[in-house]
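In: pasting the structure only:
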């Protein structure tokens, strides 16, 4: 199930999440290029993960081999360096072969086949790609790494024997252990940093991720013979496809019916859906924390947005879309998440203090007003529970409370720049659509495109309307009848 948790229509876009592997692959390329006589690689990410969330055909498999052979050259190999430079000058930054080149290359593959050697450097780069795994790609990521491990292990067993096989298997196990430690630790630390989960809960998350990966490995192992048989029936391509481990891994993923998102394997506490939902909520909190640290959110705005995220969380719990264990973890971590966001406000305010010795007055009006946050937050959650679970309408109660709470904060600290006129304008325009007379041509084009695909343009709406639209979009993703629900 793909669940939208972030408040994207409320704020300007945050950090763009790159496709897994892009940043790490580019860093690796830059490091290798500094070594004398090392292989030269173009400064772009051409080696995409094979079949990650997309189809991976026989031609795609041949193309990946062609790219590996034709874009890795030695500094002392002038002709190949020249060919590489010519492609880059022509704008072929992804280094894709022409139709004739791939046709000729397929002829060679069908004649010569592939040996049983593993591209260890490339496989290690693939596993490193999952250090920073976004929650929307959690299921696909676990499926990918598990299928790659199983396909490579099967390839080794078909091509090596005795001590040589043991040596190759040991190399795979070392690479796998490093890659999965990075994956599990990266996702766990992401949850811990933004949700404030305890060390004990973090350990439970790690154990659950390990169990989910192992469960997938066991499943893919049962399908190896089937995919090998299918590869052997591909006519002239069977000679080389049987040793193309990435192609066979893709066929493994296709052969296995998607696991139930709520399934909890032996040894685990959380399902894949549990962990994905936790990740989406962590993303929402991360955005608010970063915005507060940058001075884009004060205590009142944080209260509305974190209450909005927590109402989505409550809706998932009520609809039994996450386990009781995950519900307990999320509810128990809220206080820590709220505290982290308010601390970020405090750090921003500390930076705004005037230079020179701080007076008691200065420290008073720059201090975080936690009562503003909790008054508004509690008002929103109370309204949500009383109105039958309408999160967008509960925001109205938060606005009413917020007007009084921020007015009181201004009376207490009239020198605090974030209260007074700025908040008065914010509340008065909360239900008013903005004036777009000064909209640029580019902005108008974006709005037209959004309208064409049925999305209400964010800039055309009042702040409250954006909350309403966000809530409607969220409810679509959790519709109990299964409408427009994307399977994990």
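Out: That came through fine. What you see is a predicted model, and the numbers here were worked out from it, not measured in a lab.
In: shaky segments in this protein?
Out: Applying pLDDT under 70 to the chain flags the ranges 1-48, 72-75, 92-94, 258-259, 353-365, 436-439, 443-444, 446-448, 450-459, 480-488.
In: Which elements pack onto whichever helix in it runs longest?
Out: The longest helix of the chain (DSSP state H) is helix 162-195. Under the contact criterion of 3 or more CB pairs under 8 Å, 6 or more residues apart in numbering; DSSP states H and E, helix 162-195 touches helix 120-128, helix 138-159, helix 199-221, helix 272-293, helix 324-352. No exception for glycine: its C-beta is placed from N, CA and C like everyone else's.
In: Nearest spatial neighbour of residue 373, chain-adjacent residues omitted?
Out: Spatially, and ignoring its direct neighbours in sequence, residue 373 is nearest to residue 299 (4.2 Å; CB to CB, 6 or more residues apart in numbering).
In: How much space separates the most centrally placed residue in the chain from residue 465?
Out: Taking CA atoms, centre = their mean as the criterion, residue 134 is the residue nearest the geometric centre of the chain, at 1.6 Å. Look at residue 134 and residue 465: by CB to CB, to the nearest Å, they are 27 Å apart.
In: what do you get for residue 163?
Out: Residue 163 sits 69 Å away from residue 465, going by CB to CB.
In: For these two, indicate the residue with more neighbours.
Out: Of the pair residue 163 and residue 465, residue 465 is the one with more neighbours under other CB atoms under 10 Å, namely 18 against 8.
In: ok but the more buried one is inside a strand, no?
Out: No. Remark: residue 465 does not belong to a strand; assigned using DSSP: H, G, I helix; E, B strand; the rest coil, it is helix.
In: still on that earlier bit, nearest to residue 432 among the helices and strands packed on helix 162-195 would be which one?
Out: Proximity of the helices and strands packed on helix 162-195 to residue 432 was assessed by CB to CB; the nearest stretch is helix 272-293, lying at 22.1 Å.
In: ok, back up a step: make TSV out of the helices and strands packed on helix 162-195 and add distance to residue 243 and mean neighbour count.
Out: TSV is the format used below for the helices and strands packed on helix 162-195 (distance: least, CB to CB, whole Å; neighbours: other CB atoms under 10 Å):
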stretch	distance to residue 243	mean neighbour count
helix 120-128	14	18
helix 138-159	6	22
helix 199-221	18	18
helix 272-293	31	24
helix 324-352	42	18
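In: and residue 80, which of those is closest to it?
Out: For the helices and strands packed on helix 162-195, the distance to residue 80 is smallest for helix 120-128, at 18.2 Å, taking CB to CB.
In: so what does the closest one touch, helix or strand wise?
Out: Using 3+ CB pairs under 8 Å, 6+ apart as the test, helix 120-128 ends up in contact with helix 22-33, helix 138-159, helix 162-195.
In: Can you lay out those helices as JSON lines showing distance to residue 123?
Out: As requested, these are exported to JSON lines (distance: least, CB to CB, whole Å):
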{"stretch": "helix 22-33", "distance to residue 123": "13"}
{"stretch": "helix 138-159", "distance to residue 123": "7"}
{"stretch": "helix 162-195", "distance to residue 123": "6"}
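In: Tell me which of those lies nearest to residue 237.
Out: For residue 237, the closest of these is helix 138-159, at 16.3 Å, according to CB to CB.
In: mind putting the helices and strands packed on helix 162-195 in CSV, distance to residue 111 included?
Out: Shown next, in CSV, are these (distance: least, CB to CB, whole Å):
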stretch, distance to residue 111
helix 120-128, 24
helix 138-159, 19
helix 199-221, 31
helix 272-293, 43
helix 324-352, 54
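In: can you give me the helices for the stretch 1-150 of the chain?
Out: 22-33, 58-70, 78-89, 99-112, 120-128, 138-159 (DSSP state H, counting those that start in this stretch).
In: Compare the ones you listed and give me the one nearest residue 310.
Out: If we rank the helices of the stretch 1-150 of the chain by CB to CB, the stretch that ends up nearest is helix 138-159, at 21.1 Å.
In: Now do that closest one against helix 120-128, angle only.
Out: With axes from the mean of the first three to the mean of the last three CA atoms, to 10 degrees as the basis, helix 138-159 and helix 120-128 are set at 160 degrees to each other.
In: Run through the neighbouring helices and strands of helix 138-159.
Out: By 3+ CB pairs under 8 Å, 6+ apart, helix 138-159 packs against helix 120-128, helix 162-195, helix 199-221, helix 224-232, helix 245-255, helix 272-293.
In: possible to save those as JSON lines with distance to residue 103?
Out: Written out in JSON lines, the entries for those read as follows (distance: least, CB to CB, whole Å):
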{"stretch": "helix 120-128", "distance to residue 103": "24"}
{"stretch": "helix 162-195", "distance to residue 103": "33"}
{"stretch": "helix 199-221", "distance to residue 103": "32"}
{"stretch": "helix 224-232", "distance to residue 103": "21"}
{"stretch": "helix 245-255", "distance to residue 103": "18"}
{"stretch": "helix 272-293", "distance to residue 103": "41"}
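In: nearest to residue 434, of the helices of the stretch 1-150 of the chain?
Out: Across those, residue 434 has its closest neighbour in helix 22-33 (34.8 Å, CB to CB).
In: Quick one: residues in contact with whatever helix or strand residue 372 lives in.
Out: Here residue 372 is covered by helix 370-386, with elements defined by DSSP states H and E. By CB atoms under 8 Å, 6 or more residues apart in numbering, the surrounding residues in contact with helix 370-386 are 299-300, 302-304, 306-308, 310-311, 314, 338, 342, 390-391, 393-398, 400-402, 405-406, 409.
In: Buried ones in it, by neighbour count?
Out: Neighbour-count burial for helix 370-386 flags 372-373, 375-377, 379-381, 383-384 (criterion: 16 or more other CB atoms under 10 Å).
In: Mind checking what helix or strand follows it in sequence?
Out: The element immediately downstream of helix 370-386 (helix or strand, assigned by DSSP H and E) is helix 391-412.
In: mind listing what's buried in that following helix?
Out: Within helix 391-412, the residues that qualify as buried by neighbour count (16+ other CB under 10 Å) are 391-399, 401-403, 405-406, 409-410.
In: got a list of contacts for that helix?
Out: With CB under 8 Å, 6+ apart as the contact definition, helix 391-412 has outside contacts at 300, 303-304, 307-308, 311-312, 315, 369, 371-372, 375-377, 379-384, 387, 416, 419-420, 423, 427, 430, 464, 467-468, 470-472, 474.
In: Let me know the angle separating that helix from helix 370-386.
Out: Using the same axes, to 10 degrees, helix 391-412 lies at 160 degrees relative to helix 370-386.
In: Following the chain onward from helix 391-412, which element is next?
Out: Per DSSP H and E, the first helix or strand lying C-terminal to helix 391-412 is helix 421-428.
In: so what secondary structure elements neighbour that following helix?
Out: Based on contacts counted as 3+ CB pairs under 8 Å, 6+ apart, the elements that helix 421-428 packs against are helix 299-318, helix 391-412.
In: Give me the distance from the longest one to the chain's centre.
Out: Just to be clear, that refers to helix 391-412. In this view, helix 391-412 has its centroid 33 Å away from the chain centroid, taken as CA atoms, centre = their mean, to the nearest Å.
In: likewise stretch 462-477?
Out: Here the centre of stretch 462-477 is set off from its chain's centre by 21 Å, with CA atoms, centre = their mean.
In: Buried residues, that stretch. List them.
Out: In terms of neighbour count (16+ other CB under 10 Å), stretch 462-477 has its buried residues at 463-471, 474-475, 477.
In: Please apply the same query to stretch 294-304.
Out: Using 16+ other CB under 10 Å as the test for burial, stretch 294-304 gives 297-304.
In: cool, stretch 101-113 as well?
Out: Counting neighbours by 16+ other CB under 10 Å, stretch 101-113 gives 102, 105-106, 109-110 as buried.
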